[in-house]
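Asks: generate coordinates for the sequence data below:
(one chain, ligands or ions: 1)
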Amino acid sequence: MGIINVTPDSFSDGGFFLSTQQAIAHARSLIDEGADILDIGGESTRPGSQIVSADEELSRVIPVLEALVDTAIPISIDTSKPEVMKHAIEAGASMINDVNALRNTGALEAVAPHKHVQICLMHMQGTPQNMQANPYYIDIVSEVKDYLQQRIQAANTAGIALSRLVIDPGFGFGKTLQHNLSLLNHLNEFTTLGTPVLAGLSRKSMLGVITGNNVDQRLHESVAAALLAVAKGAKIVRVHDVKASKAALAIHNALRGYD
Ligand code: PT1
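Replies: So this is what the prediction gives:
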C-alpha cells in the first residue's frame, strides 16, 4: 500500500505534495513502482497534528481520488470522518482506512451498506493530539488485540462482514518504543482474529529512535520493518518507498514455501 499525503503538515512530505497535481503525479509514480493499493489521506494523524474540517479534507482528497479512480489499482481513503467516507465511496474508493476504527458517530452506518468496500480498523490509544503524552498498557498485545476484536464485533453488528475487514495494531499511535516493538514481535497473534493484518511502520519515529536517523533518512529501517512485519504475518504494508519495499518482499516471497 503506497502512501499519498495531501496535507500541508504531512510528517515526511512537508507540503511538497499539497497540490492536487503533485499528489496525482506522485500516485502515478507509486503505481509504476508496483504499488498494489494507494492510500490517500487529507488529514495528518501523526503525533501532535492538527484537526481539519470535513470540507477541507474533502477538497484535498476527492480531486486526487477522482483522477486516480480509473487506474488499475484499488484506492483507499485514510479518514475517520463519516462525511468524507460517504463522498469517497461515491467517488469510487475501494477501501476506507480509519485510524479511529469506525468509532466516530455515523462511521459504521456510512460504510456498512457498501458491500464492495473494504475497511481497515486500526488501534489508537488517545487522539493524534495527545496520544504520545503518556501511553500506558498493562499488556500491550492483549489490550490491542481485545480492542480490535471489539471493533470487529461492532462492525459485524452494524452489518459489516468479517470478509470486508482488515486490522492494524497502529504502530506509533499512543505507544512507546517498547510497546511498538512488542506489537511487531507478536504481530503473528493478530492473524487469529480472522482478517488480514496491515502494518504501517514507514519512516516512523520509533525507527529513528533506534537508528538516530531523521525522518527523510529512514529508508533502510523502513524497508527492514516492512519485511519483518510481513515475515510475522502482515498481508499489507503501508509504505512511502514502494520500489524498495517490493524488492525486499520479493526475496521474502521467493523463500515462502521453499525448502
Ligand atoms: C498506520 C497509519 C495510518 N499511520 C493505518 N493508517 C499513519 N492503517 C496514517 C511517528 O511516530 O500505521 N496504519 N495512517 C501515520 N501516522 C503516524 C504515526 C506517523 C506516528 C508518524 C508517526 O513518527
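Asks: residues in contact with the helix or strand hosting residue 251: which ones?
Replies: If you go by DSSP states H and E, residue 251 is part of helix 242-255. For helix 242-255, contacts defined as C-beta atoms under 8 Å, 6 or more residues apart in numbering pick out 2, 30, 33-35, 219, 222-224, 226-227, 230-231, 237, 239. For glycine as for every other residue, the C-beta is placed from the backbone atoms N, C-alpha and C.
Asks: buried only: go through those residues for me.
Replies: 2, 30, 33, 35, 222-224, 226-227, 230, 237, 239 (16 or more other C-beta atoms under 10 Å).
Asks: in helices only, show me those residues.
Replies: 30, 222-224, 226-227, 230 (DSSP state H).
Asks: still on that earlier bit, contacting the ligand as well, which ones from the contacts of helix 242-255?
Replies: Checked against the ligand using C-beta under 6 Å from any ligand atom, the contacts of helix 242-255 yield no neighbours at all.
Asks: from residue 223, how far off is the residue of the chain at minimum distance from the ligand?
Replies: The nearest approach of the chain to the ligand comes at residue 200, 2.3 Å away (C-beta to the nearest ligand atom). Distance from residue 200 to residue 223, counting by C-beta to C-beta, to the nearest Å: 14 Å.
Asks: same deal with residue 204?
Replies: Applying C-beta to C-beta to residue 204 and residue 223 gives a distance of 13 Å.
Asks: residue 146 too?
Replies: 31 Å.
Asks: can you put the buried ones among the contacts of helix 242-255 in a markdown table and add distance to residue 155 and pLDDT?
Replies: Shown next, in a markdown table, are the buried ones among the contacts of helix 242-255 (distance: C-beta to C-beta, whole Å; pLDDT from 0 to 100):
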| residue | distance to residue 155 | pLDDT |
| --- | --- | --- |
| 2 | 25 | 98 |
| 30 | 28 | 98 |
| 33 | 32 | 98 |
| 35 | 26 | 98 |
| 222 | 30 | 98 |
| 223 | 32 | 98 |
| 224 | 32 | 98 |
| 226 | 26 | 98 |
| 227 | 30 | 98 |
| 230 | 25 | 98 |
| 237 | 22 | 99 |
| 239 | 25 | 98 |
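Asks: now the residues you listed in JSON lines, with distance to residue 89?
Replies: What follows is those, written out as JSON lines (distance: C-beta to C-beta, whole Å):
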{"residue": "2", "distance to residue 89": "20"}
{"residue": "30", "distance to residue 89": "22"}
{"residue": "33", "distance to residue 89": "26"}
{"residue": "35", "distance to residue 89": "21"}
{"residue": "222", "distance to residue 89": "30"}
{"residue": "223", "distance to residue 89": "32"}
{"residue": "224", "distance to residue 89": "35"}
{"residue": "226", "distance to residue 89": "28"}
{"residue": "227", "distance to residue 89": "33"}
{"residue": "230", "distance to residue 89": "28"}
{"residue": "237", "distance to residue 89": "24"}
{"residue": "239", "distance to residue 89": "24"}
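Asks: just these now: which is nearest residue 164?
Replies: Nearest to residue 164 among the buried ones among the contacts of helix 242-255: residue 237, at 19.9 Å, using C-beta to C-beta.
Asks: show me the contacts for residue 222.
Replies: Counting by C-beta under 8 Å, 6+ apart, residue 222 has contacts 201-203, 207, 239-241, 244-245.
Asks: next, the contact list for the closest residue in space to residue 131 that isn't next to it in sequence, please.
Replies: Nearest in space to residue 131, with sequence neighbours left out and distances taken as C-beta to C-beta, 6 or more residues apart in numbering, is residue 174 at 3.7 Å. Applying C-beta under 8 Å, 6+ apart, we find residue 174 in contact with 124-126, 131-132, 135.
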